[in-house]
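J.: Sequence first, predicted coordinates after that:
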Amino acid sequence: MLKFLTNLSTMFRSKGSPEPKLPPLISNDGIVDSRMCGLVDAVQSGWFNHASGELASGFRITHDDVVLDVGCGDGAATLFAARCGAEVIFSDMDADKIAQLKHRVNLTGARASQGLVGDTNPLPLADGRATRVIAMEMLEHVDDPAQVLAELVRVGRPGALYLLSVPDPVGERVQQQFAPAAHFQKPNHIHIFERDAFATMVTNAGLIVESRQSSGFYWTMWMCLYWACATEQDSATLDQIKPPYPPLLNEWANTWHQLMTTPGGDQVKERLDSLMPKSQIIIARKPG
């Protein structure tokens, strides 16, 4: 566990950039923070590896890269790339999120930055602009995912690397049984991608799939437990759910934290991640 916490203290920091203020994993009251627990889980799955410069396993970012992060949300991927010294371009429909992220990016060692407010299709960028393209947990929200992918391929340089993730169909179908209908309606999840169909869509867009991964059983279960506590009026997407969380979710975070600190817990996590992950992830390359 010490290794994971060390990674957490450095994963968003590069030489010369300020250290981010991360909340404690465990509060003075002994409550395990759900978000920090999920962050530890992600680090164990190979995400946010500052030592290697890999945002995800196999997706390395360097100072020379131009990184495009579409549907950036709160900007974890953008900030990681910025602290690698890359040029970053980030887009989202939420103008407030873009404004906040601009401020945070300015405090990093990013080579250059540009924030875009609006729809991904089309992007106000020239052909072949980016060497790294990130689209995480956003294609399930758009009307025409294939068209959005085509636009992302257009703005990537020959040889550009793509990090693409969408919710895994197993966890989505479990949640369909008890989540409110709004979770599977606009502006939330309007597509469920079967694993092979997702890979086919990526290759049909003209990309070469280099690896396929899955992670996030912790978050799938967290969301299932959230629906057990939620009302129809509660927020319907993970990034909108804010603390304080119901006691049941705190107990789940505590249980997962204990598993991660137990010898052999990583093997249990690996098997559960493959059984019912939160996300399916594809790393692909534009032919050069």
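T.: Yep, it's here. Residues are numbered from 1 along each chain as shown.
J.: what about residue 196, how many residues close to it?
T.: Here the neighbour count serves as a burial measure; for residue 196 (other CB atoms under 10 Å) it reads 9. Placement of C-beta: from N, CA and C, glycine included.
J.: mind listing what it touches?
T.: Contacts for residue 196 (CB atoms under 8 Å, 6 or more residues apart in numbering) come out as none.
J.: ok, it to residue 44 distance?
T.: Applying CB to CB, to the nearest Å, one obtains 27 Å for the distance of residue 196 from residue 44.
J.: Quick check: which ranges of the stretch 1-150 of the chain have low pLDDT?
T.: Scanning the stretch 1-150 of the chain for pLDDT under 70 picks out 1-23.
J.: all helices of the stretch 151-288 of the chain, in order?
T.: 169-176, 195-204, 217-229, 247-260, 265-275 (DSSP state H, counting those that start in this stretch).
J.: ok, residue 169 touching residue 191?
T.: No - with contact defined as CB atoms under 8 Å, residue 169 and residue 191 do not form a contacting pair (10.1 Å).
J.: what comes up buried for whichever strand in the chain runs longest?
T.: Taking residue count as the measure and DSSP state E as the definition, the longest strand of the chain comes out as strand 156-167. Of the residues in strand 156-167, those scored as buried under the neighbour-count criterion (16 or more other CB atoms under 10 Å) are 156-157, 160-167.
J.: residue contacts, residue 60?
T.: Shown in contact with residue 60 (CB under 8 Å, 6+ apart): 52-54.
J.: same check, this time on residue 190
T.: For residue 190, the set of contacting residues under the criterion of CB under 8 Å, 6+ apart consists of 140-141, 143, 184.
J.: sorry, back to before: greatest separation within the buried residues of strand 156-167: which pair is it?
T.: Pairwise distances across the buried residues of strand 156-167 peak at 28.5 Å for 157 and 167 (criterion: CB to CB).
J.: what separates the closest residue to residue 272 other than its chain neighbours from residue 32, distance-wise?
T.: Nearest residue to residue 272, sequence neighbours excluded (CB to CB, 6 or more residues apart in numbering): residue 217, at 3.9 Å. Taking CB to CB as the measure, residue 217 and residue 32 are separated by 16 Å.
J.: Not counting sequence-adjacent ones, nearest residue to the residue nearest the centre of the chain?
T.: Nearest to the centroid of the C-alpha atoms of the chain, with distances taken as CA atoms, centre = their mean, sits residue 136, at 5.1 Å. Across the structure, with CB to CB, 6+ apart as the measure, the residue nearest residue 136 apart from its sequence neighbours is residue 165 (4.6 Å).
J.: what bridges to that neighbour?
T.: Beta-bridge partners of residue 165, counted by DSSP bridges, are residue 136, residue 281.
J.: and it, what pLDDT?
T.: In the prediction, the pLDDT value recorded for residue 165 is 98.
J.: What pLDDT does the model give residue 244?
T.: On the pLDDT scale, residue 244 gets 87.
J.: neighbours of it, just the number please.
T.: For residue 244, the count of nearby residues is 8 (other CB under 10 Å).
J.: What are the boundaries of the strands in the stretch 1-150 of the chain?
T.: Read by DSSP state E, counting those that start in this stretch, the stretch 1-150 of the chain holds these strands, from start to end of the chain: 54-56, 59-60, 66-70, 87-92, 112-117, 130-136.
J.: Which stretch among those strands is buried most, on average?
T.: With neighbours defined by mean count of other CB atoms under 10 Å, none of the strands of the stretch 1-150 of the chain is more surrounded on average than strand 66-70, at a mean of 27.
J.: residues in contact with that one?
T.: Surrounding strand 66-70, the residues in contact under the criterion CB under 8 Å, 6+ apart are 61, 75, 77-78, 81, 86-91, 120, 123, 125, 129-136, 138, 148, 152, 155-156.
J.: ditto for stretch 258-276
T.: Identification of contacts with stretch 258-276 by CB under 8 Å, 6+ apart yields 1, 4, 40-41, 44-45, 168, 170-171, 174, 214-218, 220-221.
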